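Q: here is a sequence with its predicted model. Questions after.
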Amino acid sequence: MKRKGIKLLGAAAIVILLGAAAFLFFGRQEARFDGDRIRTSDPERFFLRFEAMNMADTEVMPLREGDRLRVSWQLERGSVDLMIFMAGEKTLYQANSRGSGDEADFEVTIPQSGDYAISVSGRQARGWMEFSQVRRDDDPAGNETF
């Protein structure tokens, strides 16, 4: 009976040690950003180039009604979530779990003037993302996009 109890105790200790090792190896991914983060104000532009992104980053851009926000990205590895929104308002754009090989280039029209937050959250991601203001005044034909 004692021998069976010792075996159970030993097996429990091994399970606990393996669980702790797995937690330390997989469960603890530290926030990391290795790359370039560029922000300009005229015109409004936010650019991320990352060799390694394992964190969230948010930038706020003041945009005017009728302006457009040009959004471009190319992802080589990992995954990224993106959200563009104005506090207290409906989310303007959201993309979840964009991953390896994903790329995009489009514009969204700004529905009302205000400060728009661009939130990028990467998980072991490598690639780039760019957000730039296209002023309504800069488009003489008044072309609209969505």
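A: Perfect, thanks for sending it. If you're wondering where the values come from, they're calculated on a predicted model, not measured in any experiment.

Q: so for the longest strand seen in the chain, mean pLDDT?
A: With residue count as the measure and DSSP state E as the assignment, the chain has strand 114-134 as its longest strand. Averaged across strand 114-134, the pLDDT comes to 97.

Q: mind listing what's buried in stretch 60-78?
A: By neighbour count, with 16 or more other Cβ atoms under 10 Å as the criterion, the buried positions of stretch 60-78 are 60-61, 63, 66-71, 73, 75, 77-78. The C-beta positions use only the backbone N, C-alpha and C, and glycine is treated the same way.

Q: using CSV, write out every CA atom in the longest strand of the chain.
A: The C-alpha coordinates for strand 114-134 follow below in CSV (Å, rounded to 0.1, in the frame of the first residue of the first chain):
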residue,chain,number,x,y,z
GLY,A,114,-12.8,63.4,-34.4
ASP,A,115,-9.9,61.5,-32.9
TYR,A,116,-9.7,57.9,-34.3
ALA,A,117,-7.8,55.2,-32.5
ILE,A,118,-5.9,52.6,-34.5
SER,A,119,-5.2,49.6,-32.4
VAL,A,120,-2.8,46.9,-33.7
SER,A,121,-2.2,43.7,-31.6
GLY,A,122,0.4,41.3,-32.9
ARG,A,123,1.2,37.7,-31.9
GLN,A,124,4.7,36.6,-33.0
ALA,A,125,4.1,38.8,-36.1
ARG,A,126,6.5,40.0,-38.8
GLY,A,127,5.5,42.5,-41.5
TRP,A,128,4.3,46.1,-41.9
MET,A,129,1.2,48.2,-41.6
GLU,A,130,0.6,51.7,-42.8
PHE,A,131,-2.3,54.2,-42.1
SER,A,132,-2.4,57.5,-43.9
GLN,A,133,-4.9,60.4,-44.1
VAL,A,134,-6.2,61.3,-47.6
